[in-house]
Each structure stands twice: as structure tokens, then as C-alpha cells.
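1. build me a model from this:
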Amino acid sequence: MSEENITRIDLDGKEIILIGTAHVSRQSAEQVKEVIDLEKPDSVCVELDEQRYQSIVAGNKWREMDIFKVIKEKKATFLLMNLVISSFQKRLAKQFDIKPGQEMIQGIESAKEVGAKLVLADRNIQVTFARIWHGIGLRGKAQLLVQIFFSIFNDENISEEELEKLKSQDMLNSMLNDFTESFPRLKVPLIDERDQYLAQKIKEAPGNKVVAVLGAAHVPGIKEEINKENDVIALSQIPAKSNIPKIIGWLIPILILSIISYTFYVNRSAGINQTMSWVLWNGFASAIGASIAFGHPLAIITAFIVAPLSSLNPLLAAGWFAGIVEAYFRRPSVADFEQLSEDVFTIKGFWRNKVTRILLVVALTNLGSTLGTFIGGAEVVRLFIKTILGS
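-> Sure, this is the predicted structure:
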């Protein structure tokens, strides 16, 4: 058996075998089967959390998704980002005619075949994203979204040699490599903390012999962390949200309403102009967002009507209302859910599929509403200053 990409660790009499893999490599999947069949470990650890494990073993899970529930629980944008990110891996897998995450699937199957305990060793992906999101600031958030979106839809094919180079990187990290150079803090929650989490879960896996199937980027970090004690509970905590955005979220509408009210008191005509500017900028910007998503005409109208009001209430978002209208009039069929895994390969597919189009309506309407709030708010202030100076 080739020992390439295999690391053996002896820890207090416990034998730990790390297999560094590329997440879309057939060779990696074959090596996973070979190692587990030969070693017959007591436990097999895979770089999956419960959510990603369920998505692998329940291939038809999409059919059960309640799109209305997703919107109401404010998970539409998060789900859209998950689909966008997964499309990168699926596109590479399709190019080489293999299943994405085949080495993890093989680890699951081989564990069952040899009677080993399966251990889901990775941290919850939502926790990882939350900790990333918390640490990169507003500018970083904007850059991250743009970086991910455009890297996903890069149509360039890669060679087998380039694919094998991915074995030196985590799949998610390989997509964000350029971004981590600009924002080094991204590496901590994306790689370093997961190294600590994975190392602890591998160390705690039952039995005297453990095989761990991992993206190869984690192997050096796990080797370093395996002799340390790491607190997986602390690593699983989502950072407390700052109250500052919430305070600002309420201050802006209070300020806008106060300015408009005072302007009405001073000059009724100017107050009407302010109100019209606020309504039109918010309404048009949100409607444009819904239109870019190719939303239903009534969803676009809903975005226009709701945005000026929802922008004055931080607990509401125009995209939720537009998304619900879109889902009501263009309810996804079983075929849309079945086609979802194929449609996420391309921009055209994202806009064609009714599931992702609903998510796009939510996300782009909210984005338009945000832009409309800033522009409309600036216009309200400008008219206020003009009125005060002219009175």
C-alpha cells in the first residue's frame, strides 16, 4: 500500500492514521477504501458535520425543503451562499466524472463494511461561517461575497495535476485563498480552529486504531494540535452579536422619521418631497433587485411597495415579502428540487431554477433595499439641509 498522503501518529498507545485527500479526487477515494480495508480500524473519522453528513446520505432531502419556512426563518441568503459554494466543488467533480466528496462517501461506506464506529469530526458549518462572518468587518463581508460569487462561476477547467495540488488545501480554503491573503484573520476560523476541533474529535474517537479522512490542508495543523487539549464546546460557540448594528438599525429610521417630521413642520412642500424621495429610492432600488433576479411581476411590485416601510423597521426585510410572493406564484416543483444539483453549476441555472430564483429574489431585493436606504436617506438629509438654510 502506498504511504503517500498518509500520516501515522502514535498517541499514548493509540494508533491514528490520517489520510490527506482532495475532495474531488478519484485517487483519494480509492486510497481511503484501501487503507480502511487493510487497517480495519475501530473508528473512522470523516471531515463532516451532521448537516453535511445528512446531505450526503439523504440525496433527496431537497424535495422535503419548505421554501416558505426557509424565508420565514431568515435562512434564504445563507442557503443561497451554501448552494453557490457547493457548485464549485460539484463543477470540478463533474469535470472528472466523480461524485463530490466521494472520499467522504467512501469513508462512510468502508466504516460500515469493516464494522468501525463512524465519527463526524468536523465543526458545524454554520458555526464556522458565523465565526468567519463575525471577524472580517463590513468591508470584508462585501469582498468575501463578491470573491466567492465570481470564483464559483469561473468556467476554466483544471488539469489532473492542478487537481492533485488541491490536496494541499481544504476545498473551501482553496476557493478563498486570495481572500485570506487580504484578510489573514479568515484563516483562524476557517482552518486553525477546525484543526483544533478535528484533532480533539479524532483523539477522542473510540478504540485503539483510528483512521481519519481529511482534506490535506488540515493534516499539518492536526499533527500539531493532536497532543494538546482543545475545548470543542468553546470552539462551537457563535460569537455574541454586537449591539452596535442593532442600535444603528433603529437610530437610522428614527433619525429619518424625525427629519421628515420636522421638515413637514417647517415646510410642508419640502416634507412631501422628502417622503417621495425616500419612497421612490427605496422602492425602485428594491424592485430593481427583484427584477435582476427575474422575479414574478407581483414580487417586483411587492418589493417596491414594502421596501420604504421595511427600511424603517430593522425587524422586517423587503426581500422576505418579495420572496414569499415569488414562492406563492412560482412554487417550485419536485423537478426543480431534483434539478437543483445540476442547475447550480451555472449562472443561467441559478436564475432558471425556481428554488434558487426565490432565494435570489430575497437576497437581491434586500440588497436593493439596503442601497435604497442609504441613497434615500442621503436625499432626505440633503433636502432637510436645503430647507433649513433656505428658511
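
2. domain-wise, how is the chain divided?
-> Structural domains of the chain, as assigned by automatic domain parsing, span the residue ranges 6-235, 243-390.

3. out of the ones you listed, which gets the lowest mean score?
-> Per-segment confidence across these bottoms out at domain 6-235, which has a mean of 77 in mean pLDDT.

4. confirm Leu118 sits in a strand?
-> Yes - for Leu118, which was evaluated using DSSP: H, G, I helix; E, B strand; the rest coil, the result is membership in a strand.

5. I'd guessed it sits against Ala111; true?
-> Yes - assessed by CB atoms under 8 Å, Leu118 is found in contact with Ala111 at 4.6 Å. Just so you know, the C-beta spots here come from the backbone N, C-alpha and C atoms, and that holds for glycine as well.

6. redo the domains of the chain as CSV? Include mean neighbour count.
-> What follows is the domains of the chain, written out as CSV (neighbours: other CB atoms under 10 Å):
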stretch, mean neighbour count
domain 6-235, 18
domain 243-390, 19
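
7. which residues do Leu118 and Ala111 both contact?
-> Common neighbours of Leu118 and Ala111, using CB atoms under 8 Å, 6 or more residues apart in numbering, are 43-44.

8. ok, now which ones touch Asn227?
-> The neighbourhood of Asn227, defined by CB under 8 Å, 6+ apart, consists of Leu11.

9. please identify which helix or strand holds Thr7.
-> Thr7 is part of strand 6-11 when elements are defined by DSSP states H and E.

10. what's whichever helix or strand comes after that strand in contact with?
-> Using DSSP H and E, the helix or strand that follows strand 6-11 in sequence is strand 14-21. Outside of strand 14-21, the residues that reach it under the criterion CB under 8 Å, 6+ apart are 5-10, 28-29, 31-32, 35, 39, 41, 103, 167, 202-203, 207-216, 218-219, 222-223, 226.

11. which of these fall within helices?
-> Those of the contacts of strand 14-21 mapping onto helices are 28-29, 31-32, 35, 39, 103, 202-203, 218-219, 222-223, per DSSP state H.

12. ok now stretch 315-333, how far from the chain's centre?
-> Taking the mean of its C-alpha atoms, stretch 315-333 sits 20 Å from the chain's own mean (CA atoms, centre = their mean, to the nearest Å).

13. stretch 103-117 too?
-> On the basis of CA atoms, centre = their mean, the separation between the geometric centre of stretch 103-117 and that of its chain is 27 Å.

14. looking at the ones in helices among the contacts of strand 14-21, which one is closest to Val325?
-> Within the ones in helices among the contacts of strand 14-21, the smallest distance to Val325 is 42.3 Å, found for Glu103 (CB to CB).

15. how close does Gly20 sit to Cys45?
-> With distances defined as CB to CB, to the nearest Å, the gap from Gly20 to Cys45 amounts to 13 Å.

16. CA atoms only for stretch 321-340, dumped as PDB, please.
-> Backbone C-alpha positions of stretch 321-340 (Å, rounded to 0.1, in the frame of the first residue of the first chain) are rendered in PDB as follows:
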ATOM      1  CA  PHE A 321     -42.100  39.600   1.400                       C
ATOM      2  CA  ALA A 322     -41.000  39.600  -2.200                       C
ATOM      3  CA  GLY A 323     -39.600  36.000  -1.800                       C
ATOM      4  CA  ILE A 324     -42.900  34.700  -0.300                       C
ATOM      5  CA  VAL A 325     -44.900  36.300  -3.200                       C
ATOM      6  CA  GLU A 326     -42.400  34.700  -5.600                       C
ATOM      7  CA  ALA A 327     -42.800  31.300  -4.000                       C
ATOM      8  CA  TYR A 328     -46.600  31.600  -3.900                       C
ATOM      9  CA  PHE A 329     -46.900  32.300  -7.600                       C
ATOM     10  CA  ARG A 330     -44.000  30.200  -8.800                       C
ATOM     11  CA  ARG A 331     -44.000  27.400  -6.300                       C
ATOM     12  CA  PRO A 332     -41.000  25.000  -7.000                       C
ATOM     13  CA  SER A 333     -42.000  21.600  -8.300                       C
ATOM     14  CA  VAL A 334     -40.300  18.300  -7.500                       C
ATOM     15  CA  ALA A 335     -38.500  18.600 -10.800                       C
ATOM     16  CA  ASP A 336     -36.900  21.900  -9.600                       C
ATOM     17  CA  PHE A 337     -35.600  20.300  -6.500                       C
ATOM     18  CA  GLU A 338     -34.300  17.300  -8.500                       C
ATOM     19  CA  GLN A 339     -32.600  19.500 -11.000                       C
ATOM     20  CA  LEU A 340     -31.100  21.700  -8.300                       C
END
